[in-house]
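# here's my sequence, what's the structure:
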Amino acid sequence: MPSAAEINLLSLPEDQRDVIADLLREHAELLAANAALTAETTDLKRIVQRLEHLVAELNHVVHGKKSEKLSEDDRQLAFEDLETAIAEVETQIDDRATESEAPRRKVAPAQRNRGNLPADLPRIEQVVEPDSLECPCGCGQMHRIGEDRTERLDIVPAQLRVLATIRPKYACRMCTDGVTQAPAPAALIEAGLPTEGAIAHVLVSKYADHLPLYRQSQILARSGVSIHRSTLADWIGVAGFHLRPVVDRLSEHLKRSTKLFMDETTAPVLDPGRGRTKTGYLWALARDDRGWGDDDPPGVVFFYAPDRSGQNAEQFLRGFDGTLQLDGYTGYNRLTRPSRKGGDPIRVAHCWAHARRKMKEVFDRDGSEIAAEGLRRIAEFYAVEADIRGIEPGQRLSARRSRTAPLVAAFGDWLHQQRLRVSAKSRLGEKLAYIHRHWDGLQTFLHDGRVEIDSNSVENLIRPIALNRKNALFAGHDEGGKAWGRIASLIETAKINGVEPFAYLKATLEAIANGHPQSAIDDLLPWNYKPSS
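Model (predicted):
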């Protein structure tokens, strides 16, 4: 159809001009609408391509080859960034739907955990009234018949405030017998800057939220408070000293148990003499008997040592006689000898998760059918454990004897046969030899219903140590490693008992500052903390 520029309406009969003009306007509107739809289609194609790319990235993170897979922590970071990008695209789509006048099919919202708002959070009510309560038809003022209530989470950044303590002085006008004044409130750091709440905040930020002190110093500076990280370190040192008796008491409680977990993880420490870091170790001693419903609260203590020598484990376990669940590290072998220092020979329960990991490494690398068969057999043990978790030890032991023991015996026969077939120097042969070497300890759980099939409990407890190591890079000194272990012991024990670490540490430091008696130190253990109203 010719454009309006090509048609001279004046040359047309007068009775046809209006019809032709309407047709030309309609044609122009259709062209404009077509151009808009083309642009929208292009945008939608771009959105679809981006979504497809993000889905592919998520699949790669979850299902990629082991050599390309991220660590658990890095994977969480990847999920965060990818989910952020997906939310951005979804918002873009919603925004386009809002702007469009054409009706669109309603899409069900994504089924995500949107969080919840606990009933004990303080609530600020904002009532939004209509501009007028007069009835539109003029019959008077309207009456309230109900309401719609929506709740949103609001966050106020950490508020810094100054706690000013004023102690009035009083004297008699009639005599000169002296001045009366109330004593100064007790403080953990006498005449110091921080309250116990400020110290607890620094402790939790560093050892629970993994914020190094220099970053905390920067955050404070943005609020106008200049505190050097060395000052923050002094606060931690004072707190660590005063909290030491609580951690020692926590250790005593754990070592009175008949069964514990133990593991160790690296803790890089600055070596000033050589201008670089050296590798220290944090040894975790943990109790977690929730798997069979025991009443003893779970807990963990971290001990720092400059090396991984088995003598450290022997030293840390002085006073403990019982069953120890651990991995296959040879440094623990001295604990089972009659010559063990600090107690009787310890009974060892080795970890089937480590045995399974050995098989998984070979299968992922080589696709070995033997490794696949080993994994299948071990999965049968874990299926039984899933059925009996949480029941009392006697029932667990009975189920293991009837259901698991035959499976383990068959696994032992299978293991012997495969070791005869496979070269001991091969990768698979080495993994099979590892399982054979720890065979007695791998069967301990069949003879005691309190023993777990693996030591995953303690491995989960030392994961925050790895996060702190990743963020803080290293401790500044061996003494810093000891403080690290001491504070982490209280924070992680509080967490696994459902206690909020900041509230616990603040209350504990305040109690210590006020002269809490040594005879009642058990009241300061994390599982005995009772939040005030």
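
# can you name the farthest residue from the center of this protein?
residue 13 (81.9 Å; C-alpha atoms, centre = their mean).

# how close does it get to residue 20?
Noted for residue 13: a distance of 10 Å to residue 20, by C-beta to C-beta, to the nearest Å. All C-beta atoms are positioned from the backbone trio N, CA, C, and that covers glycine.

# for residue 38, same thing?
According to C-beta to C-beta, residue 38 stands 27 Å off from residue 20.

# ok, those two, which is more surrounded?
Legend: neighbour count by other C-beta atoms under 10 Å for residue 38 and residue 20, higher for residue 20 (14 against 10).

# quick check: mean pLDDT of the helix or strand containing that one?
Per DSSP states H and E: residue 20 is located in helix 14-63. The pLDDT scores in helix 14-63 average 72.

# ok, stretch 364-373 next?
92.

# and the gap between residue 124 and residue 500?
According to C-beta to C-beta, residue 124 and residue 500 sit 22 Å apart.

# quick one: which of those two has more around it?
Taking other C-beta under 10 Å, residue 124 and residue 500 do not tie; residue 500 has more neighbours (13 against 5).

# now do the buried residues in the helix or strand where residue 488 lies.
For residue 488, the host element (DSSP H and E) is helix 478-496. Using 16 or more other C-beta atoms under 10 Å as the test for burial, helix 478-496 gives 478, 480-496.

# same for it, what does it pack against?
For helix 478-496, the elements it packs on are helix 196-207, helix 229-255, strand 259-271, strand 276-287, strand 299-305, helix 463-472, helix 501-513, judged by 3 or more C-beta pairs under 8 Å, 6 or more residues apart in numbering; DSSP states H and E.

# next, the angle from that helix to helix 229-255.
60 degrees (axes from the mean of the first three to the mean of the last three C-alpha atoms, to 10 degrees).

# average pLDDT across helix 478-496?
Mean predicted lDDT for helix 478-496 stands at 85.

# from the middle of its chain, how far away would it be?
Computed by C-alpha atoms, centre = their mean, to the nearest Å, the chain-centroid distance of helix 478-496 equals 16 Å.

# just give me the neighbour total for residue 372.
Residue 372 has 14 neighbouring residues, counting by other C-beta under 10 Å.

# any idea which element the nearest residue to it once chain neighbours are set aside lies in?
What sits nearest to residue 372 in space, not counting adjacent residues and going by C-beta to C-beta, 6 or more residues apart in numbering, is residue 363, at 5.5 Å. Assigning secondary structure by DSSP H and E places residue 363 in helix 352-366.

# outside of that helix, which residues touch it?
Identification of contacts with helix 352-366 by C-beta atoms under 8 Å, 6 or more residues apart in numbering yields 66, 327-328, 368, 371-372, 374-375, 378, 381-382, 427-428, 431, 434-435, 438, 442, 445, 453-456, 459.

# which of those fall in helices?
Among those, the members found in helices (DSSP state H) are 371-372, 374-375, 378, 381-382, 427-428, 431, 434-435, 442, 456, 459.

# pull out the buried residues from those residues.
In the ones in helices among the contacts of helix 352-366, the ones that pass as buried (16+ other C-beta under 10 Å) are 371, 374-375, 378, 381, 427-428, 431, 435, 442, 456, 459.

# now, among these, which is nearest to residue 188?
For these, the residue nearest residue 188 by C-beta to C-beta is residue 459; the value is 34.1 Å.

# confidence score at that closest one?
pLDDT, residue 459: 79.
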